[in-house]
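Novice: Got a sequence here, can you model it:
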Amino acid sequence: MTWLAVTPQAVVHAHLEMLERLRAEESMTTATATAIGSRGLKPGEWMTRQWRKWRQSASVKQYAVKATATDLRGVGVGVHVVKKKATND
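Specialist: Model (predicted):
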């Protein structure tokens, strides 16, 4: 388990905290997909919202936000900022 020794502790804690939520969300999504796919649900507002949510998730590209030096320090990653030297052209 070398990864555990080299991974910042904050990342491991955040992962463990969110793991149950992620599993629950995946289970609910699977149950919903099964119910909709097997026509076990009556068409209605809830089903329409779910289809819209899936369609939006499938079509929207999500971009990662670049971490700042403060963010990295907060999770235990050392940061050394080097100022750019001015060039005389």
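
Novice: so what does the longest helix belonging to the chain touch, helix or strand wise?
Specialist: Scanning the chain for the longest helix, with DSSP state H as the assignment, gives helix 9-37. Counting contacts by 3 or more CB pairs under 8 Å, 6 or more residues apart in numbering; DSSP states H and E, helix 9-37 packs against helix 45-59. Quick note: C-beta positions are derived from backbone N, CA and C, even for glycine.

Novice: Which secondary structure elements does the helix it packs on sit against?
Specialist: helix 9-37.

Novice: Check the offset of the helix it packs on from the chain's centre.
Specialist: 11 Å (CA atoms, centre = their mean, to the nearest Å).

Novice: and the angle for that helix with helix 45-59?
Specialist: 130 degrees (axes from the mean of the first three to the mean of the last three CA atoms, to 10 degrees).

Novice: What mean pLDDT does stretch 46-59 get?
Specialist: Mean pLDDT, computed over stretch 46-59, is 78.

Novice: who touches the closest residue in space to Gly76 that isn't next to it in sequence in this structure?
Specialist: Among residues not flanking Gly76 along the chain, Pro8 sits closest, at 4.0 Å (CB to CB, 6 or more residues apart in numbering). By CB atoms under 8 Å, 6 or more residues apart in numbering, the residues touching Pro8 are Val75, Gly76, Val77.

Novice: how many other residues sit next to the last one?
Specialist: Each residue near Val77 was counted by other CB atoms under 10 Å, and the total is 13.

Novice: ok, now which ones touch it?
Specialist: Pro8.

Novice: Got phi/psi on it?
Specialist: Note on Val77: backbone dihedrals following degrees, to the nearest 10 are phi -100, psi 120.

Novice: Show the pLDDT at it.
Specialist: On the pLDDT scale, Val77 gets 86.

Novice: quick one: it and Ala67, what's the gap?
Specialist: 9 Å (CB to CB, to the nearest Å).
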